[in-house]
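J.: Quick one, structure for this:
(one chain, ligands or ions: 6)
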Amino acid sequence: MASQDEQNGKTGLLLAFLCVSTSSLALGAAKSPDADAIVDLARSVSNLPPSWTAGADICGYEGVTCDKDSGRVTTIDLRDKGLAGTLPSSALSSLAAVTALHLGGNRLAGAVPSLASLASLALVVLDGNAFTSLPADFLKDVPSLRDLSLDSLPLQPWSLPEAIPSLSLEYFSASAANLAGPFPANLPCSSLTTLRLNRNNLSGPIDAVASLKSLTVLMIDHNSFSGPIPDLSGMSQLETFSAGDNLLTGLVPASMTKMPSLRRVSLANNLLQGPMPEFGHGVDTDVLGNDFCHPEPGRPCDAQVTALLQVAAGFGYPLQLSRNWYGNTTCNSKDGTASWVGVVCNGTDVTEVSLQQMNLSGTISPAFANLTAVVRLNLSGNHLAGAIPDALATMPRLALLDVTNNNLRGQIPKFKPSVQVMAQGNRFGKSVPPPAAGVPAGTTAGSPPAGTVSSSLPANSASRFNLGIIANVILALVIANWG
Ligand SMILES: *[C@@H]1O[C@H](CO)[C@@H](O)[C@H](O)[C@H]1NC(C)=O
Ligand SMILES: *[C@@H]1O[C@H](CO)[C@@H](O)[C@H](O)[C@H]1NC(C)=O
Ligand SMILES: *[C@@H]1O[C@H](CO)[C@@H](O)[C@H](O)[C@H]1NC(C)=O
Ligand SMILES: *[C@@H]1O[C@H](CO)[C@@H](O)[C@H](O)[C@H]1NC(C)=O
Ligand SMILES: *[C@@H]1O[C@H](CO)[C@@H](O)[C@H](O)[C@H]1NC(C)=O
Ligand SMILES: *[C@@H]1O[C@H](CO)[C@@H](O)[C@H](O)[C@H]1NC(C)=O
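T.: Ligands and ions are numbered 1, 2, ... in the order given. Model (predicted):
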């Protein structure tokens with residue numbers, strides 16, 4: 001029988017251990033049903049703790065705990081051990097009783113082994129390794145998974161699986177993990193309370209996050225998300241919203257500034273427009289580096305600016321307008337030339353809006369009618385849908401409206417005879433379907449703007465995985481060897 005000294009000694013070479021036969025293992029403690037899997041796991045890993053010695057009960061290995069009765073492995077905690085090498089693809093798939101796997105802070109490389117069908121698995125932390133890929137079935141059938149942390153991994157670009165929010169996950173963090181592509185569109189109801197996807201290459205609209213109603217922490221900063229901020233007011237638990245360094249456009253929804261749960265908001269370095277949002281006193285706010293009309297919170301914008309931003313809202317706040325339509329002055333009053341793309345001025349009045357062939361989608365806003373000095377309006381050659389708002393027929397100076405070659409429907413409003421209306425290449429006479437929910441997609445992703453935001457947001461939950469196991473392991477070992 002092995003003595004305690006030998007158990008803890010540094011003499012056991014992994015290689016020697018691998019050559020030990022099943023029968024010699026049986027000389028020690030009763031063999032864990034997971035012994036082969038742990039041996040397999042260890043086979044290609046270097047720098048394992050000294051207790052991982054030949055002939056020892058795997059339930060006595062530092063970082064491994066087993067169920068007392070069945071001998072099955074319940075947790076593996078090998079964080080910050082300097083482990084290197086790779087893990088065989090099926091190394092973990094037979095550990096049917098494993099509830100927690102913490103391999104964070106090592107130098108493990110290659111593919112992450114599959115975790116599919118591990119029914120008891122509740123926590124997985126792989127942060128800060130050198131893993132380069134995730135298997136396709138990584139998250140298949142893991143119904144107990146609550147915490148998943150994949151921060152700082154040099155993975156091949158991967159997309160957010162549609163399945164993630166439908167898992168039982170409460171904490172999901174994949175910061176700086178090379179996530180790319182869009183946010184999944186239809187998120188089922190979810191138990192997620194923390195979602196950290198910052199410092200990736202995610203793009204497209206963020207409307208879907210509004211359905212994650214149990215979130216308290218949402219961090220999506222340093223990506224390439226675009227389009228407007230959705231109405232988040234249904235997220236009644238949301239305390240931290242970090243969305244800086246993206247390509248978000250449009251107005252900050254008024255509903256957001258009134259959310260009672262909010263404590264920290266970062267919207268810095270986007271292309272947000274309109275009045276600077278005014279959050280309540282206890283809210284830690286960073287909104288610098290946007291296109292607000294004025295650097296003072298809550299003050300309204302100039303009437304023509306407001307109207308043109310409502311016009312842009314109809315188009316879903318497209319990037320090509322947001323990059324240019326900012327500030328509180330549409331017309332450069334000194335020389336009468338316009339400062340906003342597509343806008344022509346006479347003095348301080350907007351007299352022409354020419355947004356033809358700009359790949360615009362969405363609808364024509366009735367707010368055009370608030371630009372009362374406009375004489376010419378050209379929206380031809382876009383993808384505009386819906387009807388021409390009746391309000392346009394009230395524009396006092398309008399002389400020319402060109403909406404040729406769009407997808408417009410409904411009836412053309414009754415314009416004064418003095419207005420020349422050009423409307424070929426549309427679908428007029430067809431009824432207008434009710435407006436679709438949400439804003440039309442009409443933006444393209446580019447690279448995020450330069451600059452960084454300092455963030456005082458919470459760190460990950462790694463510290464929550466803190467099992468005081470070593471004493472129990474040693475005790476179990478001693479008992480086993482005396483038995
Ligand atoms: C981000 O994604 C875009 C495509 O959406 C790609 O062109 C670009 O190279 C990616 N950038 C990084 C840093 O991966
Ligand atoms: C914006 O400009 C208008 C004049 O066009 C001015 O009355 C208003 O005070 C300005 N708003 C801000 C926030 O500067
Ligand atoms: C600009 O406005 C002035 C007076 O408001 C008017 O006399 C002039 O004709 C306008 N110019 C153009 C090009 O519309
Ligand atoms: C025009 O402006 C007024 C006041 O500025 C506003 O109440 C109204 O909603 C605007 N009209 C449209 C069609 O946006
Ligand atoms: C509107 O723009 C289109 C595309 O540039 C152009 O062909 C057309 O002549 C313009 N309409 C008017 C009335 O100037
Ligand atoms: C036009 O917009 C659509 C999305 O609405 C986008 O997929 C397409 O790439 C854009 N085309 C150009 C030429 O910008």
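J.: contacting residues for L238?
T.: By C-beta atoms under 8 Å, 6 or more residues apart in numbering, the residues touching L238 are 215-216, 218, 232, 259, 261-262. For glycine as for every other residue, the C-beta is placed from the backbone atoms N, C-alpha and C.
J.: Likewise for N290?
T.: N290 neighbours (C-beta under 8 Å, 6+ apart): 267-273, 276.
J.: Closest one to A84 out of these, please.
T.: When the contacts of N290 are compared for distance to A84 (C-beta to C-beta), N269 wins out at 37.2 Å.
J.: my read: the closest one touches L288, true?
T.: Yes. N269 lies in contact with L288 (C-beta atoms under 8 Å); the separation is 7.4 Å.
J.: which of these two has more neighbours?
T.: Shown here are N269 and L288; by other C-beta atoms under 10 Å, N269 has more neighbours (25 against 15).
J.: How about the contacts made by S354?
T.: 342-344, 376, 378 are the contacts of S354 under C-beta under 8 Å, 6+ apart.
J.: no, scratch that, I was asking about L153
T.: Contacts of L153 (C-beta under 8 Å, 6+ apart): 126-131, 174, 176-178.
J.: List the buried residues for stretch 134-147?
T.: Of all the residues in stretch 134-147, those buried under the rule 16 or more other C-beta atoms under 10 Å are 134, 138-139, 142, 145-147.
J.: cool, stretch 224-231 as well?
T.: Residues 224-230 are the ones in stretch 224-231 that count as buried (16+ other C-beta under 10 Å).
J.: Filter those residues to keep only those in contact with ligand 5.
T.: When C-beta under 6 Å from any ligand atom is applied, no member of those is adjacent to ligand 5.
J.: Same list, these, but as JSON lines with secondary structure and pLDDT please.
T.: Below are the buried residues of stretch 224-231 laid out as JSON lines (DSSP: H, G, I helix; E, B strand; the rest coil; pLDDT from 0 to 100):
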{"residue": "S224", "secondary structure": "strand", "pLDDT": "97"}
{"residue": "F225", "secondary structure": "strand", "pLDDT": "97"}
{"residue": "S226", "secondary structure": "strand", "pLDDT": "96"}
{"residue": "G227", "secondary structure": "strand", "pLDDT": "95"}
{"residue": "P228", "secondary structure": "strand", "pLDDT": "96"}
{"residue": "I229", "secondary structure": "coil", "pLDDT": "97"}
{"residue": "P230", "secondary structure": "coil", "pLDDT": "95"}
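J.: any idea which of the residues you listed is closest to S168?
T.: P230 (24.8 Å).
J.: Assign a three-state SS to Q320, would you?
T.: Here Q320 is recorded as helix under DSSP: H, G, I helix; E, B strand; the rest coil.
J.: If we ignore the residues flanking it in sequence, what's nearest V419?
T.: Setting aside the residues directly before and after it, V419 is nearest to L398 in space (C-beta to C-beta, 6 or more residues apart in numbering), at 5.4 Å.
J.: Per-residue pLDDT of the nearest residue to A111 once chain neighbours are set aside, please?
T.: Nearest residue to A111, sequence neighbours excluded (C-beta to C-beta, 6+ apart): S133, at 4.6 Å. Note on S133: pLDDT of 93.
J.: Please apply the same query to the one 3 residues further on.
T.: Confidence per residue is given as pLDDT, and for A136 that number is 86.
J.: ok, now how distant is it from N200?
T.: Distance of A136 to N200, computed by C-beta to C-beta, to the nearest Å: 19 Å.
J.: same check, this time on L108
T.: 21 Å.
J.: Okay, now the unreliable bits of the stretch 51-200 of the chain?
T.: Filtered on pLDDT under 70, the stretch 51-200 of the chain yields the residue ranges 163, 165-166, 188-189.
J.: What segments of it are strands?
T.: When assigned using DSSP state E, counting those that start in this stretch, the strands of the stretch 51-200 of the chain occupy the ranges 64-66, 73-77, 84-86, 100-102, 107-111, 123-125, 130-133, 147-149, 158-159, 171-173, 179-182, 194-196.
J.: which stretch among the ones you listed comes nearest R427?
T.: strand 179-182 (28.9 Å).
J.: The closest residue to A369 other than its chain neighbours: neighbour count?
T.: In this structure, A369 finds its nearest non-sequential neighbour in A391, 3.7 Å apart by C-beta to C-beta, 6+ apart. Neighbourhood size, A391 [other C-beta under 10 Å]: 15.
J.: In contact with A391, which residues?
T.: Residues near A391 by C-beta under 8 Å, 6+ apart: 366, 368-369.
J.: Can you pull out the low-pLDDT segments for the stretch 201-350 of the chain?
T.: Applying pLDDT under 70 to the stretch 201-350 of the chain flags residues 333-338.
J.: Ligand 1 contacts on that one?
T.: Counting by C-beta under 6 Å from any ligand atom, the positions of the stretch 201-350 of the chain adjacent to ligand 1 are 201, 203.
J.: Please work out the residue of the stretch 201-350 of the chain nearest to ligand 2 and name it.
T.: Proximity of the stretch 201-350 of the chain to ligand 2 (C-beta to the nearest ligand atom) peaks at H294, 3.1 Å away.
J.: Quick check: that residue touching V305?
T.: No. Judged on C-beta under 8 Å, H294 makes no contact with V305 at a distance of 9.7 Å.
J.: so what sits against both of those two?
T.: Going by C-beta under 8 Å, 6+ apart, residues that sit against H294 and also against V305 are N328.
J.: More neighbours: those two, which one.
T.: The neighbour comparison of H294 against V305 (other C-beta under 10 Å) goes to V305, with 23 against 16.
J.: Which parts of the stretch 301-450 of the chain are strands?
T.: For the stretch 301-450 of the chain, the strands defined by DSSP E, counting those that start in this stretch cover 343-346, 349-354, 376-378, 400-402, 420-422.
J.: Now tabulate those in TSV and tack on distance to ligand 6.
T.: Listed next are the strands of the stretch 301-450 of the chain as TSV, based on distance: least, C-beta to the nearest ligand atom, whole Å:
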stretch	distance to ligand 6
strand 343-346	20
strand 349-354	18
strand 376-378	18
strand 400-402	20
strand 420-422	22
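J.: right, so of these, which gets closest to T65?
T.: Taking C-beta to C-beta, strand 343-346 is the member of the strands of the stretch 301-450 of the chain nearest to T65, at 67.5 Å.
J.: first to last residue in stretch 122-129, what's the distance?
T.: By C-alpha to C-alpha, to the nearest Å, the extent of stretch 122-129 from end to end equals 20 Å.
J.: Then stretch 143-160?
T.: Rule used - C-alpha to C-alpha; the end-to-end distance of stretch 143-160 is 18 Å.
J.: What of stretch 150-167?
T.: Stretch 150-167 has an end-to-end distance of 16 Å (criterion: C-alpha to C-alpha).
J.: before we move on, what about stretch 395-408?
T.: 20 Å.
J.: Report the distance from it to the chain centre.
T.: 39 Å (C-alpha atoms, centre = their mean, to the nearest Å).
J.: for stretch 324-333, same thing?
T.: Put simply, stretch 324-333 sits 33 Å off its chain's centre (C-alpha atoms, centre = their mean).
J.: how about it against ligand 3, any contact?
T.: No. Judged by C-beta under 6 Å from any ligand atom, stretch 324-333 stays clear of ligand 3, getting no closer than 11.3 Å.
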